[in-house]
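Participant: Sequence and predicted structure are below.
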Amino acid sequence: MASDPPSDLPPDQLFLKSLPLIEKIIAFASRRSRFSREDAEDFSSWVKLKLIENDYGVLRQFKGGCSLGTYLSVVIQRLAQDYRNHLWSKWRPSAEALRLGPLAVRLEQLLVREGYSFDEACQILWVNEGIGATEAELSDLRAKLPPRTGRHLVSDEALQAEASPDPGPEQQAEDHEIAIESRRIFMALHRALRTLPADDQVLVKLRTRMSVADMARARKLEQKPLYRRLEKDYEALAKALAREGVRHEDVKRVLSRLQPDLFDESEEKG
């Protein structure tokens, strides 16, 4: 990645000095969005217009709370999402995904609509959503999903007319850095989970979505032994994570976003 130019330049000079950096970020966003060569060229031109419109308004909003590269990455990824939303028609699951069931529909949604790689989609399903399917099973589902088509183009005026309700770029930049850290923790957590027996992996994932009482009823297990079993699993996970430099507080912070009461010490264990 090109180095950041001085952030105290006038906006027009900052734009010119930042062009190599901007073009690298645009190229990355285009690859991630799987734009064709023609679409990527149009997207590049559109991004540059967005950066210079309103007297370089986007660059004027940069306050130095993060690196310029991080700030521009967030801005351009957000523009890529806008461009992608308009470039492709409204996403609907394929008939084959509907036939294969809810897991296939969710996998197709992650891969096609949200643009994740297969590995990233697996991590989301395993860690965020508590899905117990193996990598081989998910790979088999992916192989059965059809290639998706059906794009349509819209005018630049339509692209520019839609107002974004999202937070400002500074906040998005901060969220971006948090997301990178969260992904690191998720990956470490997934590796740690794989050190547990398969059934215990499922129990730990379910715990991010259900109370222990509900788990006991759903799995037809006694509640108190289930608490003790989960405690042993958490101890094993903590040791595995510590070997990767991940602290308990890091995991607690990330998992609490998935279920705020997950670490509620007031939960009765009787």
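Facilitator: Now that the structure is in, tell me what you want to look at.
Participant: Can you tell me which helix or strand of the protein has the lowest average pLDDT?
Facilitator: helix 156-161 (a mean of 49; mean pLDDT, DSSP states H and E).
Participant: Break this protein down into its domains, please.
Facilitator: Domains of the chain are assigned by automatic domain parsing as 11-90, 95-144, 180-258.
Participant: Just put those domains in TSV and tack on mean neighbour count and mean pLDDT.
Facilitator: For every residue, glycine as well, the C-beta is placed using N, CA and C. Formatted as TSV, the domains of the chain follow (neighbours: other CB atoms under 10 Å; pLDDT from 0 to 100):
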stretch	mean neighbour count	mean pLDDT
domain 11-90	17	84
domain 95-144	16	86
domain 180-258	15	78
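Participant: how about the helices of the stretch 101-250 of the chain, start to end?
Facilitator: Using DSSP state H, counting those that start in this stretch, the helices of the stretch 101-250 of the chain run over residues 102-108, 118-123, 135-144, 156-161, 169-193, 198-207, 212-219, 223-242, 248-258.
Participant: To R78, which of those helices lies closest?
Facilitator: For the helices of the stretch 101-250 of the chain, the distance to R78 is smallest for helix 169-193, at 6.4 Å, taking CB to CB.
Participant: what residues are up against S30?
Facilitator: 39-40, 43-44, 80 (CB atoms under 8 Å, 6 or more residues apart in numbering).
Participant: For it, give me the backbone phi and psi.
Facilitator: phi -70, psi -40 (degrees, to the nearest 10).
Participant: And it, how close does it get to P10?
Facilitator: 28 Å (CB to CB, to the nearest Å).
Participant: want to try JSON lines for the helices of the stretch 101-250 of the chain, with distance to K24 as columns?
Facilitator: JSON lines is the format used below for the helices of the stretch 101-250 of the chain (distance: least, CB to CB, whole Å):
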{"stretch": "helix 102-108", "distance to K24": "31"}
{"stretch": "helix 118-123", "distance to K24": "21"}
{"stretch": "helix 135-144", "distance to K24": "30"}
{"stretch": "helix 156-161", "distance to K24": "22"}
{"stretch": "helix 169-193", "distance to K24": "16"}
{"stretch": "helix 198-207", "distance to K24": "37"}
{"stretch": "helix 212-219", "distance to K24": "47"}
{"stretch": "helix 223-242", "distance to K24": "34"}
{"stretch": "helix 248-258", "distance to K24": "29"}
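Participant: Among these, which comes closest to Q61?
Facilitator: helix 169-193 (5.7 Å).
Participant: Could you grab the helix/strand/coil label for F35?
Facilitator: The three-state label given to F35 by DSSP: H, G, I helix; E, B strand; the rest coil is coil.
Participant: so it touches V47, yeah?
Facilitator: No. Between F35 and V47 there is no contact under CB atoms under 8 Å: 11.6 Å.
Participant: First-to-last residue distance for stretch 56-70?
Facilitator: In stretch 56-70, first residue to last residue: 18 Å (CA to CA, to the nearest Å).
Participant: no no, stretch 113-130
Facilitator: Stretch 113-130 end-to-end distance (CA to CA) = 21 Å.
Participant: what does it rub up against?
Facilitator: 32-34, 84, 91, 103, 106-107, 110-111, 131, 133, 135, 138-139, 142, 183, 186-187, 189-190, 193, 202, 205-206, 208-209, 258.
Participant: what do you get if the cut-off is 7 Å, keeping everything else the same?
Facilitator: Defining contact as CB atoms under 7 Å, 6 or more residues apart in numbering, one finds that stretch 113-130 is touched by 32-33, 91, 106-107, 110-111, 131, 135, 138, 142, 186-187, 189-190, 205-206, 208-209, 258.
Participant: and what of stretch 94-101?
Facilitator: 104-105, 108, 141, 144-146, 148.
Participant: if we go to 8 Å?
Facilitator: 104-105, 107-108, 141, 144-146, 148.
Participant: and the helix or strand harbouring Y71, what other elements does it pack with?
Facilitator: Using DSSP states H and E, Y71 maps to helix 68-87. Judged by 3 or more CB pairs under 8 Å, 6 or more residues apart in numbering; DSSP states H and E, the packing partners of helix 68-87 are helix 11-33, helix 37-60, helix 156-161, helix 169-193.
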